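[1] Dropping the sequence and predicted coords here.
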Amino acid sequence: MADKALLVLEDGSVYAGQAFGAPGRTYGEVIFDTAMAGYQEMLTDPSCTGQILVLTYPLIGNYGINDIDIESKRIQVRGLVVREDCDLPSHWQSKGALHDYLASQGIAGIAGVDTRALTRRLRSAGVMMGTITADETPEEALARLRGQPNYGTVDFVRQVSTEEPYDWDEPDVARRHIVVVDIGLKYNILRLLRARGCRVTVVPCTAPAKDMLALKPDGIVLSPGPGNPGLLDYLVRTVSGLIGKVPIFGICLGHHLLGQAFGAGTFKLKFGHRGANHPVKDLLTGRVHITAQNHGYALDPDGLRDGAEVSQVHLNDGTVEGLWHRSLPIITIQYHSEASPGPKDNAYIFDRFLEMVEAAKGK
Amino acid sequence: MTKPNKVLIIGSGPIIIGQAAEFDYSGSQACRSLREEGVTTVLVNSNPATIMTDEGIADIVYIEPLTVEVLARIIEREHPDGLLPTLGGQTGLNLAVAAADAGVLGQNGVRLLGTPVESIRRAEDRQLFKDMLEEIGEPVPESETLTSLEDARRVAREMGLPLVVRPAYTLGGTGGGVAHTMADLEHIVSGGLRASPIHQVLLERCLLGWKEIEYEVMRDAADNCITVCNMENIDAMGVHTGDSIVVAPSQTLTDKEYQMLRTASLKIIRALGVEGGCNIQFALAPRPDVVDWQWQDASGSPYYVIEVNPRVSRSSALASKATGYPIARVAAKIAAGKRLDEIPNRVTGKTTAAFEPALDYLVVKIPRWPFDKFPLGERKLGTQMKATGEVMAVDRSFEGALQKAVRSLEVGARSLLWEDPRWRDEDPLQWVRETTDQRLWAVMAALRRDIPPQEVAQATAIDPWFLLKLNNIVSMERRLLAEPLKPDLLRQAKRLGFPDENIATLADRLPEQVRELRQQANIRPVYKMVDTCAAEFEAQTPYFYSTYEEENEAEPLAGEKALVIGSGPIRIGQGIEFDYCSVHAAWVLQAAGVKAIMANSNPETVSTDFDTSDRLYFEPLDAEGVRDILENEGLNGGESPTSIVQFGGQTAINLADPLARAAMPILGSSAEAIDIAEDRGRFEDLVSRLGIPQPPGAAISTVEDALVTAKAIGYPVLVRPSYVLGGRAMEIVQGAGELSRYMREAVQVGGDKPILIDKYMEGREVEVDAICDGEHSLIPGIMEHIERAGVHSGDSMAVYPPVSLSEGEIQAIVDYTQRIARALRVRGLMNVQYVIMPGDSGSSSTVYVLEVNPRASRTVPFISKVTGVPMVRLAINVMLGKSLFEMGYWGGLWPAQKLVAIKAPVFSMSKLIGVDTYLGPEMKSTGEVMGVDYNFEAALAKALSASDLMLPREGAILVSVADRNKPEALPIIRQLASHGYRLYATEGTASMIQAVDLSVEMVARRLEEGHPNVEDVIRDGLVQGVINTPGGGEASVMRDGFQIRRAAAEKRIPCFTSLDTARSAVDSLLHSDRSFTIQPLREYLGP
């Protein structure tokens, strides 16, 4: 029988379970994701840095851990909360069990939790800080938690971005050169660009605009990433320096940066959009697309200026899901066209971006 | 697309294997959905036991046979501008295509809604389907379409065996199979060609052992697509998905695999152009260390598309219940021109139909097979579906959901601990290799004997993930056997879904002691909501399942409330009729201001639609499950609600006793009244005290006593054990020799448990339903059976109003019914069966009471519809305390209507290899149809047509009747001959026919006696009907008749095993103009 563990939330609520993965304490912003498969991709998504991930699907770890479903160089979440961790996974691609994977990278988890009760709490009270502990009383854990910095005050982008620029596995024949600004990217963005015949150079979040332009890219992709977009003035400035000079595609946090560069503000959603089933309406075509989403902040379209306009909205709450520009080759999306995990329906956005790149090249 | 004004919806007809209650669910939902859009709905179905054929569901209801001719007449009368063919199963789809082909739709300006005919053809025609998939680059297994046996042999030589045989346009894969040898192939292909209405089969590369995964997909006219959910079959490819244990969502797929198949699904629905719902089945590569598979060739794919149903299906009903996403409702809205994002999600109120449900639980579906009724049937499962129904269970662990599903099956007392005695001495891997209905139990038995899960996986092609979970159950069984039953262990066992009863067995306690232990340690289930969104949004759905966790979301409903106990899985003897009654019970409670709580375990039904009741508990219907619900509703100092046990068939009525013992209140007739009616001794006492005649009989336990009793009451006698005795539950015995043999076998198997012997009275059988308020009894109508007593009432054709009863007989029936009801103090419904025996020379006849059921019977929907008396409404109000008078009714017989209605049984015999089809005291039918008109002949013609018993106007008939039936058969034979029929007969029958100077061709009775024999004339299509009465007694004689009856079932030609049915069918032939009325049911009832 595994050791008992607790998840203590900022508001004092306590959830009991058993420790799994690495021993020890952890803290972070507690968020929930409703996708039913793709736990390894979620764990390795840099956008989850600083967070304790609650998976609403109760059976996790069923198909083990493999070499393919990796979206960054390590597990990015601070902790994992599940109803049931699968002891003995089964899949031909599996290289090991989830708990061993967590343990090997020093990530603590808690299993056996009534994750639905927890999700209902987060849904009604909003996401909040929390801590997993195995050797404290709830009061002790809460006191310790209160001494930690709040998620919204930390710039996580600098923690996850690459330190040095690098080239991604080049295709045989490169038709275009795309620079991807790593503010917390998932490998699948690079894979999809490569599969479309792009040479891809990844640059760190601190790279100045002129250095990026010096690479003579045909287009720039601003990746998704973690944390409060309101803390990233330096990146907004970088992006402003790119606008009008090269086609730009912003995904998730990249979308927030472009939005801010065009005068919009950002705000925190009560419990975010995290899952593989989010319907987004394209205002130009009227079509609805099922998207993968993972974000806690959204764009406030008031103040949008200089030709940037809302192109897509979330069907459930009407929040901004994408921007387009009246005259410049710029598109942004709030969701994850690279999926992984989630539906692959929106990979066409990469094609649309590359068409834009092609058109700009022709001019 | 413009919105249609008036839409015709085709129902799916009678319940048969492969087409059960799910289409009543989809049809009812669609009617309501269209009416919300302001569309006038016209519904046609031949099955009266459906909610969809009720007043108030569709605007105009026709209960008529589902034929092109009928459809054409309805279209001419109603002038609909649209036809929705995708909600009535394969029956509806085929009829719509036939009508389109016959030009009926085009001529009348009727537009096919939802899915174009071309798409239907592309999905249904094997070759077109394959061509389309190849065009869009989706992988299909190598295959070839063919129409002859020679081609089949050639293809087998080219592709190699094994091969899968799939006939085109058949229900539930009828006539298909996997051929491992050339002999298999020839047998299956010839059967498949016969089964296919277009005489076409597909031979396909065998993907046996691959994972079978299904997706439910929706698309609107604006080309928006979503998937509702996916499902993983635990049983690998090779077992029909309707016969597989299924889990939703998939458990062993990575996100990449999940998305690969999801993307393929969207591509396919777009290529087909389906507007509405669609089910797509895939084969996915399994673990190579479990199933040895290789790429078929260089272009081999990790998955293949297996099948597409371009319509609402059994799987979509399951998906709807598994997710809370109402597929049929949304499909109907799409057909009316709505886009997915314009259809609100009523579960959340915040989202629309343009989203994909997120589950935070899993569901397990287990099929319900009929082999408890047909122990001699072929139990092997393959590509031909055999289950009559299914159960679903929801939980937050696989072990929990599986164990609840097993509890819901109600197969005798077969818990997951059950093992077949013959497994004791055999190799465990041998048992699990056989894919039968018992395989789950065999797998458990193998794991208990320490066979490693990996080896079981290799023997079964079941993914090891599932076996490791089953092994968790086995480990817990061992702990319960070995360790003291402390609260911690008990809690862990409950979290793994162990029922109290199994814990009691393993820990050597009584179930009630386990329950007490649970109460002391406060180990109770909590109830969580099925909300489509994994708790992301606040939802109002009153749809709950139990689990052993922390937070309970089902706070007791406030106000007056009652629990309606449903009827569980559809099985032979307990069909959709009881779901019909349960649904009405809930509605009537609501109308009376009482909150209706529904409990049921069957995902196919209207009762488990989340908006049928105020609250739905999707739970096993056993004492533990129901008591847990009642206690939950009585939390916080409240009182547990009363339970209604009269509408859920035997499932619900059986709970009366355990509930009463647990001091839980029951609404309506008391548990005591129920016990008197069901206990033979007590019932006998009551009836004799009332001075009502009943057939003489006794309960005995030795061969000697049996012979003495039988001699005293006179042969033939009806014998049945008071316990289940494989295959020979109930028999009519003609003489002493036969009785001794029966008794010896019975005593051998049953020990000293008593056998019941009754005088078998071959008289006219009559049946009534009554609503009783404790004082008065209203009998809405009397039904007279066409077949004499001895044929189970569920397998008899019943006529309303009766055709041959005298005034005196009717009075006796009414009088007896009222006296029994008053004596039992019945409050609610009661069904009584009578037999009428002619008196000796001139003296008047005698009415004997055979059986009383103190609950709703299977004829309640039929009688409610044809008399206009709302039986369930009256019954519920009586239970709530009203008298019949207060509701404007009175005691006695309701005046007969001017119509004639005949209820006819429908069988699924072609799908149940090895099952004898003769009509007898054990029920065998799976469904029913109704023929209604202004006269007997027309009503009968409709009933025969709707139940596929109509003889063609000309042709040949094979006759083979037992000696004792010969005199009675002669007039029927004469009629056939005078009508120009050619006759074939077996030796004895042929001699009789020749003796009266009619021409007849004699055929060999036994297959080894040369040609032509009985099988030849049937299989070669020389005859279009069979009259065969079983000889009874001698096994070899039964066996000969058996071959004839099986051949007829498999050839799908009418086979009459009761001369009463045969006589009616032949009489109906003479009524040669075959003219009948086509009009809405409402009009038959008059103003």
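    Now that the structure is in, tell me what you want to look at.
[2] quick one: low-confidence ranges for chain B?
    In the prediction, chain B carries residues with pLDDT under 70 at positions B:1, B:170-173, B:293-300, B:413, B:722-729, B:747-752, B:1032-1039, B:1071-1074.
[3] Break it into its domains for me.
    In terms of domains, chain B is parsed into B:6-113, B:118-140+B:208-357, B:142-206, B:527-665, B:696-758, B:764-875+B:882-897, B:950-1070 (source: automatic domain parsing).
[4] can you tell which of the ones you listed is closest to residue B:464?
    Closest of the domains of chain B to residue B:464 is domain B:118-140+B:208-357, at 6.6 Å (criterion: C-beta to C-beta). Where you see a C-beta, it was placed from the backbone N, CA and C, and this is true even at glycine.
[5] remind me, longest helix of chain A?
    Ranked by residue count under DSSP state H, the longest helix found in chain A is helix A:348-362.
[6] Go through that one and flag the buried ones.
    Within helix A:348-362, the residues that qualify as buried are A:349, A:350, A:353, A:354, A:356, A:357, counting by 16 or more other C-beta atoms under 10 Å in any protein chain shown.
[7] Show me how far it is from its chain's centre.
    The chain centroid and the centroid of helix A:348-362 are separated by 24 Å, computed with C-alpha atoms, centre = their mean, to the nearest Å.
[8] Assign residue 279 to helix, strand or coil.
    In the absence of a named chain, chain A is used. The assignment at residue A:279 comes out as strand when based on DSSP: H, G, I helix; E, B strand; the rest coil.
[9] please go with chain B instead
    Reducing the assignment to helix, strand or coil with three-state DSSP, the entry for residue B:279 is strand.
[10] Surely residue A:200 and residue A:192 touch.
    No: with the criterion set as C-beta atoms under 8 Å, residue A:200 and residue A:192 do not qualify as a contacting pair; they are 9.9 Å apart.
[11] of those two, who's got more company?
    In this comparison of residue A:200 against residue A:192, neighbours counted by other C-beta atoms under 10 Å in any protein chain shown, the higher total goes to residue A:200 at 24 against 21.
[12] Following element in sequence after the one helix or strand the more buried one maps to, please.
    Assigned by DSSP states H and E, residue A:200 belongs to strand A:198-204. Sequence order places helix A:209-214 as the next helix or strand after strand A:198-204, per DSSP H and E.
[13] I'd like the next helix or strand past that next one.
    Toward the C-terminus, helix A:209-214 is succeeded by strand A:219-222 as the next helix or strand (DSSP H and E).
[14] Quick check: the two most widely separated of the buried residues of helix A:348-362?
    Based on C-beta to C-beta, the longest span within these runs between A:349 and A:357 and measures 12.6 Å.
[15] hmm, back to that, can I get the domains of chain B in CSV including distance to residue B:914?
    Supplementary listing: these in CSV, determined by distance: least, C-beta to C-beta, whole Å:
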stretch, distance to residue B:914
domain B:6-113, 14
domain B:118-140+B:208-357, 16
domain B:142-206, 14
domain B:527-665, 15
domain B:696-758, 11
domain B:764-875+B:882-897, 19
domain B:950-1070, 8
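[16] so what does the longest helix of chain A touch, helix or strand wise?
    In terms of contacts (3 or more C-beta pairs under 8 Å, 6 or more residues apart in numbering or on different chains; DSSP states H and E), helix A:348-362 is packed against strand A:176-182, strand A:219-222, strand A:248-251, strand A:330-333.
[17] partners of the second one in the sheet?
    It refers to strand A:219-222. Here the strand partners of strand A:219-222, with direction, are listed using DSSP bridges: strand A:176-182 (parallel), strand A:248-251 (parallel).
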